[in-house]
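1. no FASTA, just this:
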């Protein structure tokens, strides 16, 4: 069933203006300005199948104003995008059916003309525009430049990016934002304190990330994973007005706790793909598969024709698609 046929499916009148996205056996209705998601299913949607990735994670640049040791990006990758070529790629993907672009990198705000690109995408395409940033370049003036033109900002919390000031800036500006917090053994002890401080500052959306990589010091042990699950359950009950969730890379390592998506597979390569700063397509940021793609047509051809390759697990320990998440037989590098 193609996009034209999905438009002929009747939906409740109050949702008629939402963008339509076919999923397996159902129809997803999406409002980019509110973030509203409505899933419709029934006999009339049984034959529906996706026609595009739901999200494209777009590395607009490889430059960054931090140098985190655990960063997943290829430090040698070029930054090949211009404002016009990035817009052309994303407009083409929107036309193919993609709902959202999530900018990352590198640090998106180091890309010259980034605010202009966000405004243009909002004005000229139906894409929801989301941005992951370390926040160092965020100012009230920059937030004002993109006000009303993005879905959500996600601020990555690091020890050296003065995250309290970044959160306060977003709260004061009335920005729609959440935070990403990488959970490591060293950070586990202070997790509750950090979450409670974030909520006190005005943050209402916290996503807990797992580490993917070969540094054993950054992976939770099974006992630490159980401890994390227990803490998330308690915090979730204590903070009903805060969305506290786990990213898809945790897989089934933890007991029943809130997750970003309630499903077993992470969706890498199918529900979302990564487009890199040097114009390649990857299933996710941690993957070894990277195929050249300069246009939206290239991305869509890879998505349609290379699903078996895109569905393969990453070789890095921590991938939810690996047996035992790659944390057993795969040797890890330990810090000296």
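-> Everything's here; your move. Every value quoted in this text rests on a predicted model; they were computed, and no experiment measured them.
2. hey, where'd the helices end up in the stretch 1-150 of the chain?
-> Along the stretch 1-150 of the chain, the stretches classed as helices by DSSP state H, counting those that start in this stretch are 3-6, 83-96, 114-124, 140-145.
3. Would you convert those helices into TSV that also reports distance to residue 180 and mean pLDDT?
-> Just so you know, the C-beta spots here come from the backbone N, C-alpha and C atoms, and that holds for glycine as well. As requested, the helices of the stretch 1-150 of the chain are arranged in TSV below (distance: least, CB to CB, whole Å; pLDDT from 0 to 100):
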stretch	distance to residue 180	mean pLDDT
helix 3-6	32	72
helix 83-96	22	98
helix 114-124	19	98
helix 140-145	18	96
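4. With distance to residue 40 added, can I get those helices in JSON lines?
-> What follows is the helices of the stretch 1-150 of the chain, written out as JSON lines (distance: least, CB to CB, whole Å):
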{"stretch": "helix 3-6", "distance to residue 40": "10"}
{"stretch": "helix 83-96", "distance to residue 40": "21"}
{"stretch": "helix 114-124", "distance to residue 40": "26"}
{"stretch": "helix 140-145", "distance to residue 40": "35"}
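5. what about these, which gets the closest to residue 68?
-> Residue 68 lies closest to helix 114-124 among those, at 20.1 Å (CB to CB).
6. helices and strands around that closest one, which ones?
-> Secondary-structure packing of helix 114-124 (3 or more CB pairs under 8 Å, 6 or more residues apart in numbering; DSSP states H and E): helix 83-96, strand 100-104, strand 128-133, helix 140-145.
7. for the helices of the stretch 1-150 of the chain, which one sits closest to residue 32?
-> Of the helices of the stretch 1-150 of the chain, nearest to residue 32 by CB to CB is helix 114-124, at 8.4 Å.
8. Now that closest one: buried residues?
-> Using 16 or more other CB atoms under 10 Å as the test for burial, helix 114-124 gives 114, 115, 117, 118, 119, 120, 121, 122.
9. just the helices in the stretch 151-300 of the chain please.
-> With DSSP H, counting those that start in this stretch as the criterion, the stretch 151-300 of the chain has helices spanning 163-173, 185-188, 191-201, 222-238, 296-305.
10. can you state the direction angle for the third one and helix 163-173?
-> What it means is helix 191-201. For helix 191-201 against helix 163-173, the angle by axes from the mean of the first three to the mean of the last three CA atoms, to 10 degrees is 30 degrees.
11. Lowest mean pLDDT across the helices of the stretch 151-300 of the chain, which one is that?
-> Lowest mean pLDDT within the helices of the stretch 151-300 of the chain: helix 222-238, a mean of 92.
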